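> Show me how the following folds:
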Amino acid sequence: MTIRFAVQDDFPEVMAFYNMMCAVLGEMPFLHDGNKGGYPSEAMVRKAIRDSDLFIGTEGGTIVSAIIMNQEQDPSYGKLRWQISAPPEQIAVMHALRVSPEVSRRGYGTAMVEYCIAEAGKRGQKAIRLDTLDENTVAQKMYAKLGFRFIDTVEIFYEDIGEARTVYCYERVL
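Model prediction:
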């Protein structure tokens with residue numbers, strides 16, 4: 001797998017990939033009512049591409065993984081006691097990590113997160129933060145293996161799934 005920044009010409013394929021992944025994730029038990037779709041939104045993807053915050057993993061010219069890393073934190077993050085205190089512009093936040101089921105169990109999720117860790121370091125970030133749905137134990141185990149520390153749980157309202165959910169918040173100090 002080759003990892004690179006997404007560019008504007010990638011937009012249609014990136015959106016098709018994320019839409020396909022919404023359907024896949026809709027079958028997972030942690031999305032109680034199935035595929036709600038809509039995350040990430042087209043606006044979020046366009047902004048992430050424009051700001052060089054969207055990374056894609058490709059195999060044979062096809063997108064098989066994607067992740068967004070920016071400084072956008074949910075307001076509930078302010079309630080938590082993080083390991084490090086830093087202004088928001090010094091904190092990277094990972095969003096919308098997706099790996100195609102066609103390439104699952106090949107370490108692509110790990111590779112995408114490791115790429116973000118390296119990129120955050122290049123950008124002078126002090127830490128990386130993220131949240132994951134309470135029942136997404138596969139992701140939680142991966143983040144712990146990669147040196148992310150569980151901080152606490154908070155409730156976040158997700159417009160795309162139409163409900164508030166308890167999420168597990170993690171941080172890795174760089």
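
> quick one: the helices in this protein?
Along the chain, counting by DSSP state H, helices occupy 11-25, 42-50, 108-122, 137-145.

> elements contacting the last one?
When you say that, I think you mean helix 137-145. In terms of contacts (3 or more CB pairs under 8 Å, 6 or more residues apart in numbering; DSSP states H and E), helix 137-145 is packed against helix 108-122, strand 127-133, strand 163-173. For the C-beta atoms, the positions are set from N, CA and C on the backbone; glycine is no exception.

> Okay, buried residues for it please.
Of the residues in helix 137-145, A139, Q140, M142, Y143 count as buried by neighbour count, 16 or more other CB atoms under 10 Å.

> Tell me which residue lies nearest the centroid of the chain.
Among the residues of the chain, the one closest to the centroid is H95, at 2.6 Å (CA atoms, centre = their mean).

> what's across from R98 in the sheet?
Under DSSP bridges, the beta-bridge partners of R98 are A66.

> ugh, wrong one, C169
Assigned bridge partners for C169, using DSSP bridges, are D131, D152.

> residue contacts, it?
Y77, L80, R129, L130, D131, F150, I151, D152, T153, V154 (CB atoms under 8 Å, 6 or more residues apart in numbering).

> The same query, at a cut-off of 7 Å, please.
Y77, L80, R129, D131, I151, D152, T153, V154 (CB atoms under 7 Å, 6 or more residues apart in numbering).

> now, the most widely separated pair of those residues?
Of all pairs drawn from the contacts of C169, the greatest distance, 13.7 Å, lies between R129 and T153 (CB to CB).

> more neighbours, those two?
A direct count of neighbours by other CB atoms under 10 Å for R129 and T153 places R129 higher, at 23 against 14.

> I'd say I56 and A6 touch.
Yes. The pair I56 and A6 qualifies as a contact (CB atoms under 7 Å) at a distance of 4.9 Å.

> Find the residues that touch each one of the two.
V14.

> Just give the nearest non-adjacent residue to Y39, would you?
With CB to CB, 6 or more residues apart in numbering as the measure, D160 is the residue that lies nearest to Y39, at 3.8 Å, once sequence neighbours are left out.

> correct me, but the one you found touches G38?
Yes. Proximity of D160 to G38 meets the contact threshold set by CB under 7 Å, at 4.1 Å.
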